[in-house]
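J.: I'll drop the sequence and a predicted model, then ask my questions.
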Amino acid sequence: MTRSPLMDLAFGYMPAQIVHVTAELGLADALAPGPLSSAQLAKETGAHAPSLLRLLRALTCLGVVEQRGPDLFALTADGQVLRADAPDSIRSLVLLFCGPDVWRTWGDMAETLRTGEYAWHRMTGMTPFEYFAADEEFSAIFNRAMAEHTRAVAPGLVAAHDFARYGTVADLGGGDGSLLAAILRSAPGLRGVLYDLPAGLEASAGPLADVADRCEVVPGDFFESVPEGADAYVLKSVLHDWDDEKAAAILRRVRASMRPDARLLILEQVVPEVVDADSRGTVMNDINMLVSTGGRERTDRGVARSPRLRGVRDGRGDRADPAVQLPRHRGGVRGVAAYRRQGAARAPRLSSNI
Ligand SMILES: C[S@@+](CC[C@H](N)C(=O)[O-])C[C@H]1O[C@@H](n2cnc3c(N)ncnc32)[C@H](O)[C@@H]1O
């Protein structure tokens, strides 16, 4: 009997949790200097040695470690990204998305499919961002995970868009400032404003260290107000956290603070109208938004070209001016559109039901 490929899909939780515990115990960091036995690794990481030996065998089959002898294991090239200090580390992304909180929301997906209510809210009674304000440790993991993703896409953005044309760029919901720092480094005369909730800004000192003299860090709530006076505004991976009503409220607030000649750059993953195997990362992320935030990844028309966005992008309803297309391989963020605010217009309404 041939094995159905669905078996691997259905049992995908096993590798996910094996990789998660590897990140949580810091096994990759401990293996970085060289191969270790299970007993040595257990001592380094505070694990139970006999159980760790079994995990290491599993990690060998998954290509994360290599078995050099009956009880000797080395980190593979693929496994390096689980090290906390790797430049392309995904450790915090793994801790966040395979960790117990997000894990529980995925486990409750059926109820979301029945009711439409996102599992995170059902389980915690809070939005994720309210939850972060109450849980410093989890918030720190979230911020680091966002920065890991952003560091992967920032080079593509600054290579594709000339930020030197602006005097000031404001990154709204800019998290720890990793993207804004990369933007500021790309244009030595540019000034920046990093705007986020206090919990989002918590770790911004490090990423902004070398551009701190050109950057203002402003705590605030983009549903309440948005800094005025910037030449360009950036919203990266922000609208996807919210349903259409909330996303439109953010856009309305941004529009109200923009000068007529200012620009808004929206960076989001874009779901193709017709998905294929290449869309996998984006549509999985969309399901994560479905259960974890109540937001969604949107189609190109849903976020970038919807005539209903004309209130933001152009009072006359002209086509948006797509300024940047990021290559697909840059961490999946590839849809970027720039909008010029021209004159008054009716309030934007965002529809992704297309
Ligand atoms: C998915 S993260 C994206 C962070 C960053 N833009 C990036 O791409 O790495 C969403 C960000 O929006 C911020 N945020 C959520 N609600 C906010 C609010 N009401 N006002 C300002 N920022 C908010 C969060 O703190 C978080 O940093």
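T.: Yes, it's here.
J.: which secondary element of this protein has the worst mean pLDDT?
T.: Within the chain, no helix or strand scores below strand 321-325, which has a mean of 34 by mean pLDDT, DSSP states H and E.
J.: Leu31 contacts Leu41, doesn't it?
T.: Yes: in this structure Leu31 lies within contact range of Leu41 using Cβ atoms under 8 Å: 6.8 Å. Every residue, glycine included, has its C-beta placed from N, CA and C.
J.: Briefly note if stretch 287-294 comes near the ligand.
T.: No: in terms of Cβ under 6 Å from any ligand atom, no part of stretch 287-294 sits within range of the ligand; the closest distance is 8.2 Å.
J.: Apologies, that question was intended for stretch 81-97.
T.: No: using Cβ under 6 Å from any ligand atom, stretch 81-97 never reaches the ligand; the gap is at least 10.5 Å.
J.: what mean pLDDT does that stretch have?
T.: Mean pLDDT, computed over stretch 81-97, is 97.
J.: Between the two ends of it, how far is it?
T.: Using Cα to Cα, to the nearest Å, the end-to-end distance of stretch 81-97 comes to 15 Å.
J.: Now it: buried residues?
T.: Taking 16 or more other Cβ atoms under 10 Å as the neighbour-count basis, stretch 81-97 is seen to contain the buried residues 81-83, 86, 89-97.
J.: With stretch 159-169 instead?
T.: So for stretch 159-169, counting by 16+ other Cβ under 10 Å, buried means His161, Phe163, Tyr166, Thr168, Val169.
J.: filter the residues you listed by proximity to the ligand?
T.: With the criterion set as Cβ under 6 Å from any ligand atom, no member of these is near the ligand.
J.: circling back: among the buried residues of stretch 81-97, which are in helices?
T.: Among the buried residues of stretch 81-97, the members found in helices (DSSP state H) are Arg91, Ser92, Leu93, Val94, Leu95, Leu96, Phe97.
J.: Now the closest residue in space to the third one that isn't next to it in sequence: phi and psi?
T.: It refers to Leu93. Nearest residue to Leu93, sequence neighbours excluded (Cβ to Cβ, 6 or more residues apart in numbering): Ala145, at 4.6 Å. Phi and psi for Ala145, reported as degrees, to the nearest 10, are phi -60, psi -40.
J.: burial measure for Ala145, as a count.
T.: The local packing of Ala145 (other Cβ atoms under 10 Å) involves 20 other residues.
J.: pLDDT at it, what is it?
T.: pLDDT, read off for Ala145, is 96.
J.: What of Arg346?
T.: Here the pLDDT value assigned to Arg346 is 32.
J.: For stretch 30-48, buried residues please.
T.: 30-32, 35-38, 40-42, 44-45, 47.
J.: Can you tell me, leaving aside adjacent residues, what's nearest to the residue nearest to the spatial centre of the chain?
T.: Taking Cα atoms, centre = their mean as the criterion, Met146 is the residue nearest the geometric centre of the chain, at 4.4 Å. Of all residues not flanking Met146 in the chain, Gly175 sits nearest, at 4.8 Å (Cβ to Cβ, 6+ apart).
J.: quick check, that neighbour in a helix?
T.: No: counting by DSSP: H, G, I helix; E, B strand; the rest coil, Gly175 is located in no helix; its state is coil.
J.: who touches it in this structure?
T.: For Gly175, the contacting residues are Asn143, Met146, Ala147, Thr150, Asp196, Gly200, Leu201, Ser204, by Cβ atoms under 8 Å, 6 or more residues apart in numbering.
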